[in-house]
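J.: Mind folding the following:
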Amino acid sequence: MRELRPQPSEAGQRVDAWLAAKFPGLPHTAIRRALTMGVLTLRGRACAKGERVEAGEPYVLRWEPESDAKPTPNRALPLEVLWEDDALVALRKPAGMDCQPNDPAERDTLANALLARFPEMAGVGDGPLTCGVLHRIDRDTSGLVLAARNQAAYLALRAQFAARTVEKRYVALVAGEVRAPGRLENLLAHNPRAPGRMVDAEKWRDAKRPMRAVTAYWPMKRLRLGDLRCTLLDVAIRTGVTHQIRAQLSFAGLPIVGDKRYGGPQVEGFDRHFLHARVVACAHPKTGAPLRLEAPPTDDLRQLLARCAAL
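T.: Residues are numbered from 1 along each chain as shown. Just a heads-up that it's a prediction; the model follows:
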């Protein structure tokens, strides 16, 4: 048991977010689950995850989390390695797989597959569930993901991501005809009324913690898919905000084909959004040499493009 007194700068934060900052290596799901068990109290009353923190008040925490819990290796999962050396691994993640678990009990993520092949990655990263994974792409986005095989490589590459010197390019199929390159810049925030969806923070007064998102795109092909006119885009991102490409393109009137969450048109026989992480370019974390890695599109994306006709 210990007492925690929030600082004035922490006043107004959600209790779960405030507590998560105290345990940066712990999944938010574990913190929320603990809060439902009444582990945090204020003046004898259990605190709910969504209430706001009061500065200077004596919060009592009756919980000692197991912060060293690690994911379980899972050899049954597919793992497509595109490139590897003693510092770095490049993988092509399939759609339908999360990059990392939110809870040590999860077994079906890319991290679980990585640990089965590279057990030395169990302790690599900034938390027990990181397992060397350097960046995330959405569950239903396919494509290139980098993972570090040791802590030195992890820290060197995370510094590059923080400095925004890593090039990240995607391919997206969007509804509408795009004839010229474009650049999108928004302040995005988590939707306070619909968890799991991002909003344009400049249009939502109650949006909290807005994050700057910058995306550029170039038209590659204008296509027709049945009655749908669409465009295959080359997309580059300068920032790494949740759902950045999907949200920004949708707000610009160019929703991604198959993206139910952001209003993309649905196509029979295609059950996810058409977004693929195609290229990552960086400096090698050990040698400093330029490194450019590419993941070819997955079969379902190629099959959908084969159904399209040029405009």
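J.: Count residues in the vicinity of Asp140, would you?
T.: 20 (other CB atoms under 10 Å). The way it works is simple: take the backbone N, C-alpha and C, and place the C-beta from them, glycine included.
J.: now the residue nearest to it when sequence neighbours are not counted: how far from Ala295?
T.: Nearest residue to Asp140, sequence neighbours excluded (CB to CB, 6 or more residues apart in numbering): Arg272, at 4.2 Å. Counting by CB to CB, to the nearest Å, the gap from Arg272 to Ala295 is 16 Å.
J.: other SSEs contacting the lowest-mean-pLDDT helix or strand in the chain?
T.: The helix or strand of the chain with the poorest confidence is helix 28-36; it has a mean of 79 (mean pLDDT, DSSP states H and E). Helix 28-36 is packed against helix 15-22, with contacts defined by 3 or more CB pairs under 8 Å, 6 or more residues apart in numbering; DSSP states H and E.
J.: re earlier: confirm for me that the residue nearest to Asp140 is in contact with Gly258.
T.: Yes: look at Arg272 against Gly258 with CB atoms under 8 Å: they come within range, at 5.6 Å.
J.: Give me the buried stretch members for the lengthiest helix in the chain, please.
T.: For the chain, the longest helix by residue count, based on DSSP state H, is helix 151-162. Across helix 151-162, burial judged by 16 or more other CB atoms under 10 Å covers Ala153, Tyr154, Ala156, Leu157, Arg158.
J.: Is it correct that the last one is in contact with Thr130?
T.: No: the pair Arg158 / Thr130 is not scored as a contact, 10.0 Å apart, by CB under 8 Å.
J.: For the chain, give me the ranges with low pLDDT.
T.: Where the chain drops to pLDDT under 70, the residues are 24-27, 29, 65-69.
J.: does the closest residue to Met211 other than its chain neighbours sit in a helix, a strand or a coil?
T.: Excluding the flanking residues, the one nearest Met211 by CB to CB, 6+ apart is Val241, at 4.7 Å. Secondary structure for Val241, judged by DSSP: H, G, I helix; E, B strand; the rest coil, is coil.
J.: What distance do you get for Val241 to Ala172?
T.: With CB to CB as the criterion, Val241 and Ala172 are 16 Å apart.
J.: Out of the two, name the residue with the larger neighbour count.
T.: In this view Val241 and Ala172 are compared by other CB under 10 Å, and Ala172 has more residues nearby, 28 against 21.
J.: Name the nearest residue to Pro192, sequence neighbours excluded.
T.: Closest to Pro192 by CB to CB, 6+ apart is Asp206, at 5.2 Å.
J.: Would you map the strands across the stretch 1-150 of the chain?
T.: Using DSSP state E, counting those that start in this stretch, the strands of the stretch 1-150 of the chain run over residues 2-4, 40-42, 45-46, 59-61, 81-84, 88-93, 142-148.
J.: The last one relative to strand 88-93, how many degrees between them?
T.: Spelled out, it's strand 142-148. Per axes from the mean of the first three to the mean of the last three CA atoms, to 10 degrees, the angle that strand 142-148 makes with strand 88-93 is 160 degrees.
J.: for the strands of the stretch 1-150 of the chain, which one sits closest to Ile31?
T.: The closest approach between Ile31 and any of those, judged by CB to CB, belongs to strand 40-42 at 9.5 Å.
J.: tell me how far the ends of stretch 102-122 are from each other?
T.: 15 Å (CA to CA, to the nearest Å).
J.: Could you tell me how far it lies from the centre of the chain?
T.: Distance of stretch 102-122 from the chain centroid (CA atoms, centre = their mean, to the nearest Å) equals 17 Å.
J.: list the buried ones in it?
T.: Buried-residue list, stretch 102-122, by 16+ other CB under 10 Å: Pro104, Glu106, Thr109, Leu110, Ala111, Asn112, Ala113, Leu114, Leu115, Phe118, Met121, Ala122.
J.: Need those residues in JSON lines (columns: distance to Glu167).
T.: As requested, those are exported to JSON lines (distance: CB to CB, whole Å):
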{"residue": "Pro104", "distance to Glu167": "33"}
{"residue": "Glu106", "distance to Glu167": "30"}
{"residue": "Thr109", "distance to Glu167": "25"}
{"residue": "Leu110", "distance to Glu167": "21"}
{"residue": "Ala111", "distance to Glu167": "24"}
{"residue": "Asn112", "distance to Glu167": "28"}
{"residue": "Ala113", "distance to Glu167": "25"}
{"residue": "Leu114", "distance to Glu167": "23"}
{"residue": "Leu115", "distance to Glu167": "28"}
{"residue": "Phe118", "distance to Glu167": "25"}
{"residue": "Met121", "distance to Glu167": "24"}
{"residue": "Ala122", "distance to Glu167": "29"}
